[in-house]
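Asks: Below are the sequence and a predicted model; questions follow.
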Amino acid sequence: MSAISVEELLATSVALATERDIDRLAQQIVLLGCKLCMADGGSLYTLDITKSRLEPKAAIWRGTPTAFDYAADVPLRAHGQFNTQNIYSYVAFTGLQTYIDSAYQFAGFELTEIYLRDQVLKCKTETLLVMPLRDCNQQTLGVLELFKVQNGHISASFRSVEKIAQAFALQAAVALDNAMLMAMNRHLIQVLDASNRQLEAENKQLRLQRKSSQNYEIIGESEPMQQVYALMDKVLSSNVTVLLRGETGTGKEVFARTIHQHSDRNDKLFVTQNCAAVPEQLLESELFGYKKGSFTGASSDRKGLLDEAHRGTLFLDEIGDMPLNLQTKLLRVLQDGEVKPIGENKAHKVDVRIIAATHCNLEDKITKGEFREDLYYRLSVFPIVLPPLRERKEDIPALVNHFIKGYCQSYDRKEIQVSPAVMDILMRYNFPGNVRQLQNIIERAVLLCDRETVLLPQHMPEQILLENGASSEMPDELVVYPQNGLPLKEMVQHYEKKLLESHLRANNWNQTQTAKVLKMPRRTLVEKIQRYGIHN
Ligand SMILES: Nc1ncnc2c1ncn2[C@@H]1O[C@H](COP(=O)(O)OP(=O)(O)OP(=O)(O)O)[C@@H](O)[C@H]1O
């Protein structure tokens, strides 16, 4: 090998600094080491991840890479002791640059790998130099070995290039350290990536498994609601268009939002538009957007809600009130996924899930020519009908408690109980305004409650009391009682007794409270209780 030039020295430096792949870098190090120190060949071992053995990484013979399969891993320990018999493990362990000037005379080390290599390469190693490759914390990363073979005349020892070799080993170690750290980072990124993907898949699975009403944060365990949950479960993992039907206040928007939150689109927007609340032209520009200058006042381009909801969900409430012209445009969105803003010549694609809702009879509207039949079929791919509250009265207590808790929190009130009489009144009422009406009734009652901690009939709206009045405050038998033909005085006393019993029950047998409701002195109430022998 000839001596290395300055240009080659610079190239060496660049080569080490730029190579990121550990295997290629290992080859470069051996190759450059051979050139610098005028060696016939060499090899490089790196410390494995457990730091217990050296692994053969690269070998060079006369300027070209050679197979390294004759070499085995070198354990750093043998029989519980540091393996100082082997020259590579000795250098790795001590960090000492080590020379052997005559490989075939006793050198104090086992040189089995060297003799094996000589057989493979058909040569005879004369001198050896083994250098530690250590990082800035003096931790061993590997060892670099260079050798010269016998060539008829006395071969020079590596001792003459000691300083160059040392400097090169330092530079090679820095490059190796960087490449190893990068490989470790790449590996960690891959591991993190894989575990992220696994977590995402598990989350998706868990989302799909969340079936009970509790998980949907929707109140209602009645049979009609169970049927709705079962239907809803079926549409969570698909993009199917859903049509929510049901009277006003039955929770159509709540369900639409829940479907979105439990779908794959939940990291994108849930956008709502009430089709009845705005005039036709405004609705069109809201939904489809417009181009600058397309009408007076359109001073810049504006995205429509269909674009806002791209990859998310658009909830179209009161779809039955959408003007016919817009129904045609919406049909195009549903059929082709295409949106054409006002004043734009070209349509563009959007990926929006549509959930529509209506409380009106769309079939009637079709007959009257107010709703497009084709749109109706497109929308009602998956209809879900929400039951009115009167058909699931068993859900009323849970809803009442849910709303009381919520309003107590928002109005910073202490816990409020519901008197049995109030619950009775609510259970008998038909709620034409459904859950929304119940919610409003409870909000009003909580506000009326002042410092009281029990919701009483007087906190209920008059209209409900009037509708319920006779049945809730006056037991049925009182109404029919006169048939018995008793004297008026007795009938009035009987009536009074029943009335007092009813109010006492409604007020949890709290005499002070009952007297207050009946606007009578407590003492008079107590006297009457004793006279009529009333007890709970
Ligand atoms: N099952 C339920 N659990 C808890 N709250 C509910 C439930 N159903 C409805 N609500 C509440 O009732 C109110 C009305 O619900 P929502 O607006 O979803 O009804 P809607 O059917 O969309 O009404 P509309 O047809 O008038 O638009 C909301 O405040 C909602 O939070």
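Replies: Looks like it came in fine.
Asks: Nearest to the ligand within this structure, name that residue for me.
Replies: Closest approach of the chain to the ligand (CB to the nearest ligand atom) occurs at Gly251, with a separation of 2.6 Å. (Glycine included, C-beta is placed from N, CA and C.)
Asks: Low-confidence ranges, the chain, go.
Replies: Judged by pLDDT under 70, the chain has its weakly predicted residues at 1-4, 152-155, 204-216, 468-487, 491.
Asks: Could you check how far the residue nearest to the spatial centre of it is from Arg197?
Replies: The centroid of the chain falls nearest to Asn203 when counting by CA atoms, centre = their mean (6.8 Å). Between Asn203 and Arg197 the distance, using CB to CB, to the nearest Å, works out to 11 Å.
Asks: One more: Ala347?
Replies: From Ala347 over to Arg197 the distance is 35 Å, taken as CB to CB.
Asks: ditto for Ala15
Replies: Look at Ala15 and Arg197: by CB to CB, they are 37 Å apart.
Asks: the more surrounded of these two?
Replies: A direct count of neighbours by other CB atoms under 10 Å for Ala15 and Arg197 places Ala15 higher, at 17 against 10.
Asks: Leaving out sequence neighbours, find the closest residue to that one.
Replies: Once flanking residues are discounted, Ala15 sits nearest to Gln28: 5.3 Å by CB to CB, 6 or more residues apart in numbering.
Asks: Would you agree that neighbour is in contact with Arg20?
Replies: No - in terms of CB atoms under 8 Å, Gln28 does not count as a neighbour of Arg20; the distance is 11.3 Å.
Asks: Looking only at neighbour counts, state which of these two leads.
Replies: With other CB under 10 Å as the criterion, Gln28 and Arg20 differ in neighbour count, and Gln28 comes out ahead with 21 against 12.
Asks: name the helices or strands packed onto the helix or strand harbouring the more buried one?
Replies: Using DSSP states H and E, Gln28 sits in helix 22-37. For helix 22-37, the packing partners by 3 or more CB pairs under 8 Å, 6 or more residues apart in numbering; DSSP states H and E come out as helix 6-18, strand 41-47, strand 53-61, strand 140-149, helix 162-209.
Asks: how much does that helix deviate in direction from helix 162-209?
Replies: Direction vectors for helix 22-37 and helix 162-209, defined by axes from the mean of the first three to the mean of the last three CA atoms, to 10 degrees, enclose an angle of 180 degrees.
Asks: Just the buried residues of whatever helix or strand Val492 lives in, please?
Replies: Element membership for Val492, per DSSP H and E: helix 488-506. Across helix 488-506, burial judged by 16 or more other CB atoms under 10 Å covers His494, Tyr495, Lys497, Lys498, Leu500, Glu501, Ser502, His503, Leu504, Arg505, Ala506.
Asks: same question, stretch 448-465
Replies: Taking 16+ other CB under 10 Å as the neighbour-count basis, stretch 448-465 is seen to contain the buried residues Cys449, Val454, Leu455, Leu456, Pro457, His459, Met460, Ile464.
Asks: Distance to Arg134 and secondary structure added to the residues you listed, as TSV?
Replies: Compiled in TSV, the buried residues of stretch 448-465 are given as follows (distance: CB to CB, whole Å; DSSP: H, G, I helix; E, B strand; the rest coil):
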residue	distance to Arg134	secondary structure
Cys449	78	coil
Val454	80	strand
Leu455	79	strand
Leu456	84	coil
Pro457	87	helix
His459	82	helix
Met460	84	coil
Ile464	86	helix
